[in-house]
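> just coords:
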């Protein structure tokens, strides 16, 4: 399907403040960026670089006063995300080098503390995709999804105690459990067409059957219409913006995703 | 200045043919991509990756029949390219690692055969930027610039014998001479606002005074309004498209660059 | 000074087990590997790769039974680590791209929770190196260093509550506080000649004054004789070995560092 | 088999001269470095980095006067190089991204000028490994191998006219023909146990059947006992040393390879 997706951020900046942004989706095996737009107001000088996960990042210093960032894409993406029931566990020695960073514990995914829990969740499952499914089912069934209530980022352990969280937190828990089973798992931040209420979304991918598969503990069924904006080990790597120095005031954030009636051209 | 730049390619494809394209300018220290568009007709599946020079490359298989690629950008770029008369030669041991590949000879820049010529061209010049200027002046004064007559790519040596060539060939000669003096030099393919007749353009950059500077042997004065599309060691690295297998028929190529009356937003 | 440093690991392996090792120091600005040795017993097939932090990593499957790894280096390293009192804070917008990953919170360095503490520790200090010194002094003065008692890896927050820890834990706390001040900080695992009792050691580096400086909260004064084996965001990235699957039995670990009376050649 | 291989270089240096060296074999799928030694005399400061082909490179400034470099390895490598008759051609769209640079023409491999010749050499062969074999057979049968007579590096085209050359030149011709057929091909510099007279050696690898295979136009049969020191697009990328500035005087170069009677430990 073709989507028009946009994200607008508005700030009130007390003093000139360095920002790092990640709001430029790239084309990849699962999506094709046909048209893209990136507006800064007021206009400032920007340097762009590619981080070690392949994300296009923008560095800038926001001037004091009102500052806004508006990005949009017209993008083709799959109607339905691929599923792979039965896809096999990849022995660690067979994993591609670039998947290895996604085996380690990270800030919000303390996989080193989830060995027992992960083992119990997947008891009886074939190693690989079906284990991931069991983990996701568990999260969906036991954690209450409370979209819009997630200012402070919490970790997989903290979510486990708290029992309710946002998409990002639920992805962290899924990732932590997968890694505890030696399955590479990574965070994805992006757009999801069917999301309600509309917002940026987070889900995760696990590497089984020699490829990355999408998993989303917040949704029943695995909806397509996804646009990946950034990949990383967890939320610490994929903040759509990070500001340094004294806190700025985010006035507004507006996300919009619409299915296009026809291709953009 | 703000530019709207576009490139359209049309092909007649006898059999399904793999292509590698490099038609997606990236934001960098010298340009900011505010709006971008990439149209394939008919639409095909594409995989994008970043090569070792930082270029965004697209891989696809063009289907048999009529096939077109249309890309455009709205981009902010400098009114005048930076110049650095007197900028110093950087001792090889002080060069950043990432500049080193641009010291070696490459397919069309046989710098290993230009030691004597380069030394004689720069006799009396201070090491660094002024040497590059002397090289560029020599090329501008002795090589006849014949835009539009460059189907087969020729090397710096071949140009030197032939005495006339296109922008790409003249850049090759400049690069070969710089490298012969241990100055890193790289090829740039892109748009130039003031180019006549309009076409894609090629120039080069040399690393002196701890940064890359722009040089263009085809132009008198160093005009701004440049949009870099791809960087590489020479034309072998930065073909805007490479096709594999039996030759396809390129029906048309249309390049357009216009200064925008006002910023796009 | 010239050092001979070695690390031996012995395991009892129940079933064939994939390992990832990081035991091959590389030459760099601060050390030169003149002689190196890497023995696996029994001999097994190994694949080596470079991770995103530049570490040389070895992948192998340890066979069932007794398995040992013995590595040693003869290496030249500085007598005294560089210090930089007064070295300035580098504004985030001026930081090299490759330092940015070391600004984010990571598994064991929850810098997102250390803003207040870090600010209070450095009150009155000039931004940059002197802030790092204040942080290290605080850790040295308030955390009890208990070498040899650190089986489970704890995080900066956990150390802060516990009040005593090993070198690794103290480095984590230093890193977390630096990052909370927007100073890039990274973990180093390596050898330290003067360490008592001898073991592998961990310290950290902070990026101020446009370079990385060494800090070591466990030592009074900043001793030289350091050999960096691996760099990373925290202990999760630089485990000298990681094993996957069911736990193996580490029978023994022996570290030895000796100053060589004269250069090895 | 286990090999002890060494390379010694001696120079007379008129003025302090920057060098770039590539004399540190890395462990990989086909070889395991168990012991290594790298001696510079007099000792100088060195910085090591990894280039875009994965080679460990050393940067240094050789002081005026006598200067020597002595490196050695004890390494395990295959008794017989893998062969793959019938291994299939990999369609360009299926090639891994990292093989693509090895499809393009390079300084000494003008594959853009070898389309016809390559096509005629492989007429009737199955696409892939067997084409490479036909190319190698042609080179072996028509080019006279004259080891030790190759001071100036010549290109594939130049060798084709000249009719005789060294291992490096013959590898260039093989690479140029493979690339003309859209088969990725890369240069390897290294040691070969059975080489007579002993020297550094060069051969090439082609990517067919989803892996790199070894080809050596200078040898009858495909002998094992190979140690890869460096990989690149051609000789321009893999010079074991490159010196910048005025030419230095290489007094001596000594290569030695011996099969070890037993493993080194």
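In hand now; what should we look at? Keep in mind the model is a prediction, meaning the values are calculated, not measured.
> ok, and does the helix or strand of chain A with the lowest mean pLDDT reach over to chain C?
Every helix and strand in chain A was compared by mean pLDDT, DSSP states H and E; the lowest is strand A:47-50, with a mean of 90. Yes. Contact of strand A:47-50 with chain C is found when judged by Cβ under 8 Å from any Cβ of the partner chain, involving residue A:49. Every residue, glycine included, has its C-beta placed from N, CA and C.
> again with stretch A:230-248
Yes. Stretch A:230-248 comes into contact with chain C (Cβ under 8 Å from any Cβ), by way of A:236-237, A:242, A:244-245.
> Which single one of the residues you listed is nearest to residue A:101?
Using Cβ to Cβ, residue A:237 is the member of those that sits closest to residue A:101, with 9.8 Å.
> Quick one: mean pLDDT for whatever helix or strand residue A:158 lives in?
With secondary structure defined by DSSP states H and E, residue A:158 is part of helix A:156-162. Predicted confidence along helix A:156-162 averages 96 (mean pLDDT).
> Just checking: what are the partner strands of the next helix or strand after that helix?
Following helix A:156-162 in sequence order, the next helix or strand is strand A:164-165 (DSSP H and E). Strand pairing for strand A:164-165, determined by DSSP bridges: strand A:144-145 (parallel).
> I'd like the mean pLDDT over the strand it pairs with, please.
In this model, strand A:144-145 carries a mean pLDDT of 96.
> how far does that strand sit from the chain's center?
Shown here is strand A:144-145, whose average C-alpha point lies 17 Å from the average C-alpha point of the whole chain (Cα atoms, centre = their mean, to the nearest Å).
> Also stretch A:158-177?
In terms of Cα atoms, centre = their mean, the centre of stretch A:158-177 is set 13 Å apart from its chain centre.
> any idea which element residue A:7 lies in?
Applying DSSP H and E as the criterion places residue A:7 in strand A:2-13.
> Give me the mean pLDDT for that strand.
For strand A:2-13, the per-residue pLDDT values average out at 97.
> Same check on stretch A:252-264?
If you average the pLDDT over stretch A:252-264, you get 93.
> Now residue A:105, what are its backbone angles?
In this entry, residue A:105 is assigned phi and psi values of phi -60, psi 150 (degrees, to the nearest 10).
> before we move on, what about residue A:182?
Geometry field for residue A:182 lists phi and psi as phi 70, psi 30, criterion degrees, to the nearest 10.
> do residue A:116 as well
Backbone torsions for residue A:116, taken as degrees, to the nearest 10, come to phi -70, psi -50.
> Tell me the residues on chain A that lie near chain B, please.
Listed as neighbours of chain B in chain A under the rule Cβ under 8 Å from any Cβ: A:26-29, A:32-39, A:41, A:43, A:45-48, A:50, A:54, A:56, A:58, A:76, A:263-265.
> Domain ranges for chain A, per the record?
Under the assignment automatic domain parsing, the domains of chain A span A:2-77+A:241-259, A:92-237.
> can you list these in TSV and add distance to residue B:211 and mean neighbour count?
Listed next are these as TSV, based on distance: least, Cβ to Cβ, whole Å; neighbours: other Cβ atoms under 10 Å in any protein chain shown:
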stretch	distance to residue B:211	mean neighbour count
domain A:2-77+A:241-259	13	18
domain A:92-237	29	20
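> sorry, back to before: of the residues of stretch A:230-248 next to chain C, which belong to helices?
Judged by DSSP state H, helices contain none of these.
> Let's have these in CSV, adding pLDDT.
Below are those laid out as CSV (pLDDT from 0 to 100):
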residue, pLDDT
A:236, 95
A:237, 95
A:242, 94
A:244, 95
A:245, 91
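> Could you identify the pair within these that is furthest apart?
Greatest spatial distance among those (Cβ to Cβ): A:237 and A:245, at 20.4 Å.
> now residue A:34: how far from chain D?
According to Cβ to the nearest Cβ, to the nearest Å, residue A:34 and chain D sit 20 Å apart.
> re the thing from before, of all the domains of chain A, which one is nearest residue B:179?
Among these, domain A:2-77+A:241-259 comes nearest to residue B:179, with 26.0 Å by Cβ to Cβ.
> any idea how far that closest one is from the chain center?
Computed by Cα atoms, centre = their mean, the chain-centroid distance of domain A:2-77+A:241-259 equals 15 Å.
> The strand holding residue A:7 near chain C at all?
No. Using Cβ under 8 Å from any Cβ as the criterion, no contacts between strand A:2-13 and chain C are found, and the smallest distance is 13.9 Å.
> partners of that strand, with directions?
For strand A:2-13, the pairing partners within the sheet under DSSP bridges are strand A:65-77 (antiparallel), strand A:249-259 (antiparallel).
> about what we covered before: how about the least confident helix or strand of chain A against chain D, any contact?
No. Under the criterion of Cβ under 8 Å from any Cβ, chain D is not reached by strand A:47-50; the shortest gap measures 13.7 Å.
> Now do whichever helix or strand comes after that strand against strand A:65-77, angle only.
With elements assigned by DSSP H and E, the helix or strand that comes after strand A:47-50 is strand A:56-62. Computed by axes from the mean of the first three to the mean of the last three Cα atoms, to 10 degrees, the angle separating strand A:56-62 from strand A:65-77 equals 170 degrees.
> For chain A, which residues are neighbours of chain C?
Chain A has residues A:18, A:20, A:49, A:51-52, A:57, A:59-61, A:91-93, A:97, A:100-101, A:103-107, A:109-110, A:112, A:153, A:182, A:236-237, A:242, A:244-245 near chain C, with proximity defined as Cβ under 8 Å from any Cβ.
> Which ones among the residues you listed map onto strands?
Applying DSSP state E to the residues of chain A next to chain C, the entries found in strands are A:18, A:20, A:49, A:57, A:59-61, A:242.
> Chain C: which of these is nearest?
Comparing these against chain C with Cβ to the nearest Cβ places residue A:18 closest, at 3.8 Å.
> Bridge partners for the closest one, pull those for me.
residue A:61.
> That one and residue C:92 touch, don't they?
Yes. At 3.8 Å, residue A:18 counts as touching residue C:92 under the criterion of Cβ atoms under 8 Å.
> Overlap of the contact sets of these two?
Counting by Cβ atoms under 8 Å, 6 or more residues apart in numbering or on different chains, the common neighbours of residue A:18 and residue C:92 are A:244-245.
> Bridge partners for residue A:68, pull those for me.
residue A:10, residue A:41.
> Let's see the pLDDT reported for it.
In the prediction, the pLDDT value recorded for residue A:68 is 97.
> That one contacts residue A:10, doesn't it?
Yes. Taking Cβ under 8 Å as the definition, residue A:68 is a contact partner of residue A:10 at 4.6 Å.
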